[in-house]
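**Student:** Sequence first, then the predicted structure, then my questions.
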Amino acid sequence: MKRLIIGVSGATAAIFGVRRAAAPLSPDEIARIAESGDGKSSPLTQLLCVLLPLAFWFAPLGMAPLTQHALAIVGFMVLAWMTQVMEFAIAGFIGCFLFWALHITRFNVAFSGFANDTPWFLFAALLFGRVASKSGLARRLAYSIMLRIGSTYSRILLGLIITDFLLTFIVPSGMARVVILAAIALALVEAFQAKKGSNIACGMFLILTYTGNLFDKMMLAGAGSITAAGAMTKFGGVEVLWGVWLLAFLPASIVTVLAAWRLTLWFYPPEQKVLANGKEFFRKELAAMGPWSTLEKKAALLIGTAILLWVTDFLHHLPPAMIGLGAGLIALLPFVRILEEEDMRTLNYMPVFFVATALSMGNVLEVTKGLDVLTTTVFTGIQPYLGNIFSTTAIMYWAGFIYHFFLASEISMLATSMPLVMEYAKSHGINALMLGLMWTFSAGGKLFAYQSGVLVVGYSFGYFEQRDLLRMGLWLTLVEFLVLMLIVPFYWPLIGIY
């Protein structure tokens, strides 16, 4: 991946290799970087993405022709997503077109995902990220928290993690949060006079990256959890409330903050424990931002109202997507003017299209009975172990964790597998919301950068290595598993999930 350079409060920056103005990258720019890749794949890989689905199309498998042909096209889409032979959204568009052009189903089914509220919830998340970054609200919140946490490395590290969690409410994109916090971390590394390869720099960048990935699953934020929620509603027939999702994983969020903090201090003890004039450093950064601008005040009011409506959705039952999209569009109104027409033109719509095509694929599988075939195939091996709540929780978590290795993008992993999980829950009388939340949570555990755009962006700064990610990933994956084993049987029934 290319190296870009991000300016940080007059300090030097470091990521990706092309000089830019001294301002953080916008969320859509980060999404574009993470999703695009280098656009190169071997001719053999490209050939296999065509030949294997083609062979499946004509193979004498004894299936109904419509089902077999639909699965063949799904095979092309999944292989293209796994191998990244092209942009995810483009592969999805091609698959949807083939469903229609080859008479697998009607146009309104082949492209039905675009009429689902899930991709538009993701679009709203992109607007929210732009509002928070453009207004400066996210950076002001980050520096304000850091000022109150303390000036020792230990407290600064805890402040970064807590800020990452709190920013998830207003910047529902892990990639955008990584860049916002990386801007602060780069300035802190310079203030500590630390270098690349130091424990101070490695620890900060590693943990702000990894927790940025995790918190996206503990709230209804980010493309992965939004995609999962949409599939749970569509295929499981369950109401997925923003407030319930937050409450369900709140204990996990608290444990993650503390565990990530202690593990980082254990693995990467700082060379310098105290930042000289630490609080003065944060005061200067806030002073440089000046008093609250009108834009920040309007952004805070708009985002605060949306969060309040999300948290209380168990009272009014307004869909999270409706709240998010409504708030995002209000930001574009002429008399509000938080966002301008130019912001709309420069948004990266590819993730939105990708989610829409993935949902379309799930709808086609349902109509052509391909979903029944996949559900039977996938769950045959693990069904004998899905007995009591403890074994079900353990099997679902580790099955999702392993499945994530092969279908690297968590969006495609959740979009293609959640319909199967929901179908299994309905056919076996299991609580679909419970099973869906477990499966989504399993997508949080990662060991390699290729598994998430968030990890790719953080890794690209060059402050930690793959071995660091592997070690931290192993420990936090285990921590998340132990937390899930406690909250599912003992805590979730108390809040009505059982």
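**Tutor:** Done, it's in.
**Student:** Give me the average confidence score over stretch 102-117.
**Tutor:** Across stretch 102-117, pLDDT averages out at 93.
**Student:** Tell me, how many residues neighbour the residue lying closest to residue 180 once chain neighbours are set aside?
**Tutor:** Leaving aside its sequence neighbours, residue 180 sits nearest to residue 138 (C-beta to C-beta, 6 or more residues apart in numbering; 5.1 Å). C-beta coordinates here come from the backbone N, C-alpha and C atoms, glycine included. Residues near residue 138, counting by other C-beta atoms under 10 Å, number 28.
**Student:** Report all helices and strands that the strand or helix carrying residue 322 contacts.
**Tutor:** Taking DSSP states H and E as the criterion, residue 322 maps to helix 320-330. Counting contacts by 3 or more C-beta pairs under 8 Å, 6 or more residues apart in numbering; DSSP states H and E, helix 320-330 packs against helix 117-135, helix 294-311.
**Student:** how about the nearest residue to residue 154, chain neighbours excluded?
**Tutor:** In space, residue 154 is closest to residue 265, 6.1 Å off (C-beta to C-beta, 6+ apart).
**Student:** give me phi/psi at that neighbour?
**Tutor:** Residue 265 adopts backbone torsions of phi -70, psi -30, taken as degrees, to the nearest 10.
**Student:** what sits against it?
**Tutor:** For residue 265, the contact set (C-beta atoms under 8 Å, 6 or more residues apart in numbering) comprises 154, 157, 203.
**Student:** For PyMOL, what selects the buried ones among these?
**Tutor:** Typed into PyMOL, the line below selects the buried ones among the contacts of residue 265, using 16 or more other C-beta atoms under 10 Å:
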select buried, resi 154+157+203
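**Student:** possible to save the contacts of residue 265 as TSV with pLDDT, distance to residue 80 and secondary structure?
**Tutor:** Shown next, in TSV, are the contacts of residue 265 (pLDDT from 0 to 100; distance: C-beta to C-beta, whole Å; DSSP: H, G, I helix; E, B strand; the rest coil):
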residue	pLDDT	distance to residue 80	secondary structure
154	92	45	helix
157	92	40	helix
203	94	37	helix
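**Student:** any idea which of the contacts of residue 265 is the one closest to residue 65?
**Tutor:** residue 203 (56.5 Å; C-beta to C-beta).
**Student:** gap between the closest one and residue 143?
**Tutor:** 20 Å (C-beta to C-beta, to the nearest Å).
**Student:** got it, and residue 175?
**Tutor:** From residue 175 to residue 143 the distance is 21 Å (C-beta to C-beta).
**Student:** So between these two, which is more surrounded?
**Tutor:** Shown here are residue 175 and residue 143; by other C-beta under 10 Å, residue 175 has more neighbours (33 against 24).
**Student:** The more buried one against residue 457, yeah?
**Tutor:** Yes - using C-beta atoms under 8 Å, residue 175 is in contact with residue 457, at 5.1 Å.
**Student:** Tell me who's in contact with the residue most central in space within the chain.
**Tutor:** Closest residue to the average C-alpha location of the chain: residue 222 at 4.0 Å, with C-alpha atoms, centre = their mean. By C-beta under 8 Å, 6+ apart, the contact set of residue 222 is 125, 172, 173, 174, 216.
**Student:** Can you classify the second one as helix, strand or coil?
**Tutor:** Under the three-state scheme (DSSP: H, G, I helix; E, B strand; the rest coil), the conformation of residue 172 reads as coil.
**Student:** For it, grab the count of nearby residues.
**Tutor:** Neighbour tally, residue 172, other C-beta under 10 Å: 29.
**Student:** Give me the nearest residue to it, chain neighbours excluded.
**Tutor:** residue 221 (3.5 Å).
**Student:** The one you found reaches residue 215, doesn't it?
**Tutor:** Yes - counting by C-beta under 8 Å, residue 221 touches residue 215, with 7.4 Å between them.
**Student:** anything in contact with each of those two?
**Tutor:** residue 168.
**Student:** quick one, phi psi at residue 193?
**Tutor:** phi 60, psi 40.
**Student:** Now for it: which residues touch it?
**Tutor:** residue 272.
**Student:** With residue 199 instead?
**Tutor:** Residue 199 touches 268, 269, 270, 271, counting by C-beta under 8 Å, 6+ apart.
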